[in-house]
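**Q** need a structure here:
(one chain, ligands or ions: 2)
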Amino acid sequence: MAELKLYDTLTREKRLFAPLDPARGVRMYVCGPTVYDFAHIGNARPVIVFDVLFRLLRHLYGADHVTYVRNITDVDDKINKRAFERWTHERPLTAEIRALTDQTLAQFHADVDALGCLRPTHEPRATDFVCRPEPSALDMVKIIERLIARGHAYVEQGHVLFDVPSMPAYGRLARRSLDEMVAGARVDVAPYKRDPMDFVLWKPSDPEKEPGWESPWGFGRPGWHIECSAMSGALLGEMFDIHGGGIDLVFPHHENEIAQSCCAFGTERMANFWMHNGFLMVEGEKMSKSLGNFITIRELLASDRFGGQNWVGDVLRLAMLKTHYRQPIDWTVEGLNESTNTLDDWFRLAAPDQPAEPSPAVIAALSDDLNTPKTIAELHALRNHIRVPQQGQDAEELGRNLAFLGFDRAQFAAWQKGREHAVLQALGGIDEADIGRLIAARLAARKARNFAESDRIRDELAAKGIALMDAKDPATGELTTTWKVAR
Ligand SMILES: Nc1ncnc2c1ncn2[C@@H]1O[C@H](COP(=O)(O)OP(=O)(O)OP(=O)(O)O)[C@@H](O)[C@H]1O
Ligand SMILES: [Zn+2]
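**A** Ligands and ions are numbered 1, 2, ... in the order given. Now for the predicted structure:
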């Protein structure tokens, strides 16, 4: 088996990966979306990156030996605020919140499906893990009770807070001193906190406008960080193999997850590897909702807001994978055009209907800390060996790799056809049949050695924005011509 090496944010090194407990397979947790609005393309980066890792792990360890959990945050103050704004009092507020989160989750699924991402093994909703009736079922309330019992949390004015000074190892993931963390996190100083770094595990809810659960500390709701400790603990165990998310989650979110899980379970570590993707940037800044410089996945797929046209999931996926996951990505129209041309070329040459099966060179590249730029270079090399489009071993191998990497030939082809149709219409009514007739006339002219006429037809089409591509079948020596809309 290929050796898998992954970069671990905690130890700041690339290390050899092996499952902690081979009998349980590989266990991976990735922080998922907060469902109150459309996801932007920056949010898609961790989804795509960890989908590629999921595919690689399934290949290396077997599909039944990988458990991938990506949570859904459906209790959050931004959700409450949005639901409260649109609430018409015709149904209870909790039903309004559920409708908002259901609708947002359905949109999220449609978006990431279009990006070629497999569904994780489990997609737990935070609200299902606040308080579970079975005494043995781990949930947020039980973890908080344990933290209080072990002297790592305290109750104050209806709030439960994690006592940061009670954990000497706090700050190890972020590698910051307490002073730096206080400055960097812009932590709220609140009257119920003993130390400014202490963070909320539980807070009281106003039953009139906020969702809540009955708890030993009154009617309230959990803080954000505790949900990931509960869902990962319940579905993967107290210690698991890989924990992922965007680099912005290192501090405070992941630092706090570690504090909660390790102090509640009495463990040294929460995850064996911590993996973080870099930012997707627009004009030198992180794409984010708060900065307002974002474009949603939906807008890219279904509107012409970015670059004056709509895009297909495969193009967004390739544009994302061209950059190594730990580097920042600059999101540009030019990058999407380049990816479009690459996929157009690959699908023209790759054999259709191939099973998803990677080449050893692709596995080797991905096994080196998910080196997707190297993977893409391997595909270009493979492409250069193809003699006859869509035929022969190399064409089949390219097709198998594209399927393995999650590219969808039919989806891409349908989008290309739609684009070509739109361009042809804009060009003033030339259609596919006209082009076919002109190509046949040109081939006939060439056969008759009437090169002036064949060039005239080529120029006539070029003037209309149609480029012709000639290829010779090496077996028969026949010339065949295909066309595309030139841009
Ligand atoms: N620009 C970005 N580039 C890469 N990953 C990102 C970016 N923005 C958010 N993420 C990641 O997306 C996932 C979902 O995060 P979250 O729901 O907190 O996003 P968000 O609150 O909408 O982000 P923001 O407020 O920054 O727009 C996280 O793993 C986060 O790190
Ligand atoms: Zn999390």
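**Q** which one of the residues in the protein is closest to ligand 1?
**A** Across the chain, the shortest distance to ligand 1 (C-beta to the nearest ligand atom) belongs to Gly246, at 1.8 Å. All C-beta spots, glycine's among them, are computed from the backbone N, C-alpha and C.
**Q** how close does that residue get to Leu161?
**A** 26 Å (C-beta to C-beta, to the nearest Å).
**Q** quick one: distance of stretch 155-170 to the chain centre.
**A** 33 Å (C-alpha atoms, centre = their mean, to the nearest Å).
**Q** check which residues of that stretch are buried.
**A** 155, 159-164, 166-167, 170 (16 or more other C-beta atoms under 10 Å).
**Q** which of those residues fall in strands?
**A** If you go by DSSP state E, the buried residues of stretch 155-170 have 155, 159-162 in strands.
**Q** still on that earlier bit, could you check how far the residue of the chain closest to ligand 1 is from Phe129?
**A** Distance from Gly246 to Phe129, by C-beta to C-beta: 22 Å.
**Q** Ala190 and ligand 2, how far apart?
**A** 22 Å (C-beta to the ion, to the nearest Å).
**Q** tell me which element that residue is part of?
**A** Under DSSP states H and E, no helix or strand contains Ala190.
**Q** how many neighbours does it have?
**A** Neighbours of Ala190 under the rule other C-beta atoms under 10 Å: 13.
**Q** in this protein, where is pLDDT below threshold?
**A** Counting by pLDDT under 70, the chain contains low-confidence residues at 1, 184-187, 428-429, 487.
**Q** and it, what are its domain boundaries?
**A** Domains of the chain are assigned by the TED database as 5-277, 280-411, 430-485.
**Q** which one of those domains lies nearest to Gly418?
**A** Closest to Gly418 of these, according to C-beta to C-beta: domain 280-411, at 8.6 Å.
**Q** quick check, that closest one touching ligand 1?
**A** Yes: part of domain 280-411 sits near ligand 1 under the criterion C-beta under 6 Å from any ligand atom, namely 280, 286-290.
**Q** for the stretch 101-250 of the chain, which residues are neighbours of ligand 1?
**A** 245-246, 248-249.
**Q** for ligand 2, what is the nearest residue in the stretch 301-450 of the chain?
**A** Tyr325 (17.7 Å; C-beta to the ion).
**Q** which residues of the stretch 251-400 of the chain fall in helices?
**A** 255-265, 297-302, 313-321, 333-349, 360-367, 372-384, 393-404 (DSSP state H, counting those that start in this stretch).
**Q** is it true that Asp241 lies in a strand?
**A** Yes: the assignment for Asp241, made by DSSP: H, G, I helix; E, B strand; the rest coil, places it in a strand.
**Q** am I right that Arg91 sits in a strand?
**A** No: if the criterion is three-state DSSP, then Arg91 is coil and not within a strand.
**Q** what about it, how many neighbours?
**A** Neighbours of Arg91 (other C-beta under 10 Å): 11.
**Q** cool, and Pro222?
**A** Pro222, neighbours per other C-beta under 10 Å, totals 28.
**Q** isn't it up against Phe199?
**A** No: here Pro222 lies out of contact with Phe199, judged by C-beta atoms under 8 Å, at a distance of 11.7 Å.
**Q** measure Ser205 to Thr267 for me?
**A** From Ser205 across to Thr267, the span is 31 Å (C-beta to C-beta).
**Q** which one's more surrounded, those two?
**A** Neighbour comparison, Ser205 and Thr267: the larger count goes to Ser205, with 18 against 13 (by other C-beta under 10 Å).
**Q** the residue nearest to that one when sequence neighbours are not counted and Trp202, how far apart?
**A** Spatial nearest neighbour of Ser205, excluding adjacent residues (C-beta to C-beta, 6 or more residues apart in numbering): Gly212 at 3.2 Å. Distance, Gly212 to Trp202, by C-beta to C-beta: 10 Å.
**Q** can you list residues touching both of these two?
**A** Overlap of the contact sets of Gly212 and Trp202 (by C-beta atoms under 8 Å, 6 or more residues apart in numbering) consists of 220-221.
**Q** more neighbours, these two?
**A** Legend: neighbour count by other C-beta under 10 Å for Gly212 and Trp202, higher for Trp202 (25 against 18).
**Q** so that one touches His225, yeah?
**A** No: Trp202 is not in contact with His225 according to C-beta under 8 Å; the separation is 11.3 Å.
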